[in-house]
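Chemist: fold the following for me, if possible:
(chains A, B, C and D)
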Number of protein chains: 2
Amino acid sequence: MLRISKLTDYGTLILAHMAGSPERMHSAAGLAEALGLGLPTVSKVLKTLGRHTLVTSQRGAHGGYLLSRPPTQISVADVIDALEDQPFGLTECSASAGVCGMEGECRIRDNWLRINGVVRQALQGVSVADMVHPTSGSPFGPQRRPSGPDPGGEPAAHRLHGPATLGSRMTAACIPAPRADDQEIR
Amino acid sequence: MLRISKLTDYGTLILAHMAGSPERMHSAAGLAEALGLGLPTVSKVLKTLGRHTLVTSQRGAHGGYLLSRPPTQISVADVIDALEDQPFGLTECSASAGVCGMEGECRIRDNWLRINGVVRQALQGVSVADMVHPTSGSPFGPQRRPSGPDPGGEPAAHRLHGPATLGSRMTAACIPAPRADDQEIR
DNA sequence: CCTTAAAAGTACTAAACTGGTACTGTATAG
DNA sequence: CTATACAGTACCAGTTTAGTACTTTTAAGG
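Modeler: Numbering: from 1, shown residues only, chains lettered A, B, ... in the order given. Here you go, the predicted structure:
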């Protein structure tokens, strides 16, 4: 379907939110609250991100997760690599070598590899810091500025999943702008 | 998973093969034979490609499929658009508008839209003609030339699917180089 | 210590999607 | 009028995904 999985989507969401206050320690519960996601799901994602050393974890009371590098140095490609188990590539045969008996004679694979390269570069060029900040600094060239200061609407008590919540019309990749009063670990 | 579906993969495969002799009419059975795919599957793909006017069909005896435009003008993005039913976009919320209640305040979506743009451009820049021919003319910059003339190995009687064929190690996107003696409609 | 908070690990289940097939209908050539 | 080839629909089975539950480990603080 040429989509990233929801878990990966959540991952960028979570990291982007953490990138808003990169020095702070964030608990899974706090992030779940702030983003309107289920705690078990958020935990799962963070665990995986930890295994791939994008975040470091502190166990025990007052524990939580911390970005393990400056958010400008965590690219969307990194998140994908961490959260999708299959290796990167738009087709199976171009994602890993040796899957196909005809690899030698095949000219198509060559081209998929090149396409993969371009796509990957696009994904590597965007950091999770870019995702929260207005995108002027991103590698996409000059951007329109956001239309104005945040009007500060209500806190958006949306949840994406769970049986009772499907109608709430909030998608994985959409998060509220970080708010000063949200309850993180201080 | 950030993969195109197998059907889409087959689609590029089929069109690339047809691009080898763009003026000729190709029957579904002939294509299936040549590519080592199941006839019902090839039919299904071609039907869909027809509905999206990438190929035109001729019914009845001696019927078959014909590219409806020069192969240089059919991009990989076109194939994806035809064969994947969901609209193009790496995340749900960036693929179509109005899916998310927070679309207004969300800064993430903006960035996904931009990433989508870059990816799409990469896909639009490659035609199915590029996929068969050596890639010197493709938008990927100067390429290494293929190592030499095709050694012309055996006809590769591989099939990708069907219960009895999983061991044959041929992947969707891998096709034999077009051969002079393959049995198309003449 | 003992309690509490929080992450780690494992395993399970329900739902969605994908891929492949079967069957029936329609058009065309000879 | 028969054989061939595309068109459409519907179905099924295997796989993947996403979400949840439960148990264990670690650390802080009274």
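
Chemist: make it CA atoms for all contacts and neighbour counts henceforth
Modeler: Will do.

Chemist: and A:Thr56, that one's in a helix?
Modeler: No: assessed by DSSP: H, G, I helix; E, B strand; the rest coil, A:Thr56 does not belong to a helix; its assignment is strand.

Chemist: in the sheet, who's paired with it?
Modeler: Bridge pairing for A:Thr56 (DSSP bridges) gives the partners A:Leu66.

Chemist: show me the contacts for it.
Modeler: A:Thr56 is in contact with A:Gly50, A:Tyr65, A:Leu66, A:Leu67, A:Ser68, counting by Cα atoms under 8 Å, 6 or more residues apart in numbering or on different chains.

Chemist: again, but for A:Ala77
Modeler: With Cα under 8 Å, 6+ apart as the criterion, the residues that contact A:Ala77 are A:Arg120, A:Leu123, A:Gln124.

Chemist: which helices and strands sit right next to the strand or helix carrying A:Arg109?
Modeler: With elements delineated by DSSP states H and E, A:Arg109 resides in helix A:108-124, which encompasses its position. Counting contacts by 3 or more Cα pairs under 8 Å, 6 or more residues apart in numbering or on different chains; DSSP states H and E, helix A:108-124 packs against helix A:76-83, helix A:92-95, helix B:108-124, helix B:128-132.

Chemist: what comes up buried for that helix?
Modeler: By 16 or more other Cα atoms under 10 Å in any protein chain shown, the buried positions in helix A:108-124 come out as A:108-120, A:122-124.

Chemist: secondary structure element holding A:Asp85?
Modeler: Secondary structure assigned from DSSP H and E places A:Asp85 in neither a helix nor a strand.

Chemist: burial count for it?
Modeler: Here the count is done by other Cα atoms under 10 Å in any protein chain shown, and A:Asp85 has 9 residues near it.

Chemist: do A:Ala97 as well
Modeler: One way to gauge burial is a neighbour count; for A:Ala97, by other Cα under 10 Å, it gives 11.

Chemist: could you confirm it falls within a helix?
Modeler: No: counting by three-state DSSP, A:Ala97 is located in no helix; its state is coil.

Chemist: local confidence estimate at A:Val55?
Modeler: According to the predicted model, the pLDDT of A:Val55 comes to 98.

Chemist: from A:Ser43, how far off is it?
Modeler: With distances defined as Cα to Cα, to the nearest Å, the gap from A:Val55 to A:Ser43 amounts to 12 Å.

Chemist: out of these two, which sits in the more crowded spot?
Modeler: In this comparison of A:Val55 against A:Ser43, neighbours counted by other Cα under 10 Å, the higher total goes to A:Val55 at 20 against 16.

Chemist: I figured the more buried one hits A:Pro71, correct?
Modeler: No: taking contacts as Cα atoms under 8 Å, A:Val55 lies outside contact range of A:Pro71: 10.3 Å.

Chemist: on that earlier part again, from the buried residues of helix A:108-124, which is closest to A:Ile4?
Modeler: Closest approach between the buried residues of helix A:108-124 and A:Ile4, by Cα to Cα: A:Leu123, at 11.7 Å.

Chemist: could you report the distance from the closest residue to the closest one other than its chain neighbours to A:Gly125?
Modeler: Ranked by Cα to Cα, 6 or more residues apart in numbering or on different chains and with sequence neighbours excluded, the top spatial neighbour of A:Leu123 is A:Ala77, at 5.0 Å. Applying Cα to Cα, the value for A:Ala77 to A:Gly125 is 8 Å.

Chemist: chain A: strands as residue ranges?
Modeler: Listed in chain order, the strands of chain A (DSSP state E) span A:55-58, A:64-67.

Chemist: which of those is buried the deepest?
Modeler: strand A:64-67 (a mean of 22; mean count of other Cα atoms under 10 Å in any protein chain shown).

Chemist: contact partners of it?
Modeler: Contacting residues not belonging to strand A:64-67 are listed as A:15, A:18-19, A:22-28, A:46, A:54-58 [Cα under 8 Å, 6+ apart].

Chemist: buried subset of the residues you listed as a ChimeraX selection?
Modeler: Applying 16+ other Cα under 10 Å to the contacts of strand A:64-67, the buried members can be selected in ChimeraX as follows:
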select /A:15,18,19,22,24,25,26,27,28,46,54,55,56,57
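
Chemist: if we check DNA strand C, which of the contacts of strand A:64-67 are in contact?
Modeler: Contacts with DNA strand C are made by A:His26, A:Ser27, A:Ala28, A:Leu46, A:Ser57, A:Gln58 out of the contacts of strand A:64-67, judged by Cα under 7 Å from any atom of the strand.

Chemist: which one of the residues you listed is nearest B:Leu90?
Modeler: The closest of these, once distances to B:Leu90 are taken by Cα to Cα, is A:Leu46, at 21.1 Å.

Chemist: tell me the contacts of the closest one?
Modeler: A:Gly11, A:Ala28, A:Val55, A:Tyr65 are the contacts of A:Leu46 under Cα under 8 Å, 6+ apart.

Chemist: columns distance to A:Pro87 on top of the residues you listed, output as TSV?
Modeler: Rendered in TSV, the data for the contacts of A:Leu46 read as follows (distance: Cα to Cα, whole Å):
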residue	distance to A:Pro87
A:Gly11	17
A:Ala28	27
A:Val55	21
A:Tyr65	26
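
Chemist: turn the helices and strands packed on helix A:108-124 into a markdown table, including distance to DNA strand C and mean pLDDT.
Modeler: Formatted as a markdown table, the entries for the helices and strands packed on helix A:108-124 read as follows, by distance: least, Cα to the nearest atom of the strand, whole Å; pLDDT from 0 to 100:
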| stretch | distance to DNA strand C | mean pLDDT |
| --- | --- | --- |
| helix A:76-83 | 13 | 98 |
| helix A:92-95 | 10 | 93 |
| helix B:108-124 | 18 | 94 |
| helix B:128-132 | 19 | 94 |
